[in-house]
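In: for reference, the sequence and a predicted model appear below.
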Amino acid sequence: MMVPTHIQRLCDEFGIRIVDRHRYPEIGETRAAETLARICRRHGESHLRLVLSTLAETANNKVLLDEVGLWMASDMIRKNADLIEQRAGEWLELWDAMPVGELQFVCQELSGFVPQRHALGGMVYERIFRRFGKNAAQLDLFDDRRR
């Protein structure tokens, strides 16, 4: 497996180990080196750095270092670039609190019906919108109102 030098360097910087694509990755490992390279080619190294920071430096998200998780994070970062620029700390706090791995597990129920990247992106964006959107304080029908 030939990993581009700049991708290896970024993964090393964020403590991500690249494993052979035929091996199931453990937490903090990825076999999606080509996905990382494609994101970098399409959106630049600074964007990829933010993707890796969002996933590798927040709680419970080192399991999302696969193609679906990486592209979903890239999509969310592109959609919320202004928010991230103004409130980067709050952005990372939200990703710390989100059970994104659990959401990805739920999305697998839609496999074969809805592309996983889009299903997961919708679920994550709903959490982002509820935290930062216009009606951020408004409770949802499914919220536990006893809290």
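Out: Cool, got the structure. Quick caveat, the model's predicted, so the values are computed rather than measured. Residues are numbered from 1 along each chain as shown.
In: switch to C-alpha atoms for all contacts and neighbour counts from now on
Out: Will do.
In: low-confidence ranges in this protein?
Out: Judged by pLDDT under 70, the chain has its weakly predicted residues at 1, 135-147.
In: show me where it has strands.
Out: Taking DSSP state E to define them, one finds strands in the chain at 17-18, 29-30.
In: got TSV for those, with distance to I7 and mean neighbour count too?
Out: Output for the strands of the chain, formatted as TSV (distance: least, C-alpha to C-alpha, whole Å; neighbours: other C-alpha atoms under 10 Å):
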stretch	distance to I7	mean neighbour count
strand 17-18	10	18
strand 29-30	12	23
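In: between these, which gets nearest to L103?
Out: strand 29-30 (18.7 Å; C-alpha to C-alpha).
In: now do the contacts for the closest residue to W95 other than its chain neighbours.
Out: Closest residue to W95 apart from its sequence neighbours, by C-alpha to C-alpha, 6 or more residues apart in numbering: T58 at 6.1 Å. When contacts are counted by C-alpha atoms under 8 Å, 6 or more residues apart in numbering, T58 is found next to 92-93, 95-96.
In: could the strands of the chain go into JSON lines alongside distance to E67?
Out: JSON lines is the format used below for these (distance: least, C-alpha to C-alpha, whole Å):
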{"stretch": "strand 17-18", "distance to E67": "13"}
{"stretch": "strand 29-30", "distance to E67": "9"}
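In: of the ones you listed, which is nearest L64?
Out: So among the strands of the chain, strand 29-30 is nearest, using C-alpha to C-alpha, at 8.7 Å.
In: helices and strands around that closest one, which ones?
Out: strand 17-18 (3 or more C-alpha pairs under 8 Å, 6 or more residues apart in numbering; DSSP states H and E).
In: what packs against the strand it packs on?
Out: Looks like strand 17-18 contacts helix 5-13, strand 29-30 (3+ C-alpha pairs under 8 Å, 6+ apart).
In: next one: it to chain centre, how far?
Out: Relative to the centre of its chain, strand 17-18 is centred 17 Å away, using C-alpha atoms, centre = their mean, to the nearest Å.
In: ok, residues contacting that strand?
Out: Residues outside strand 17-18 that contact it (C-alpha under 8 Å, 6+ apart): 8, 11, 28-33.
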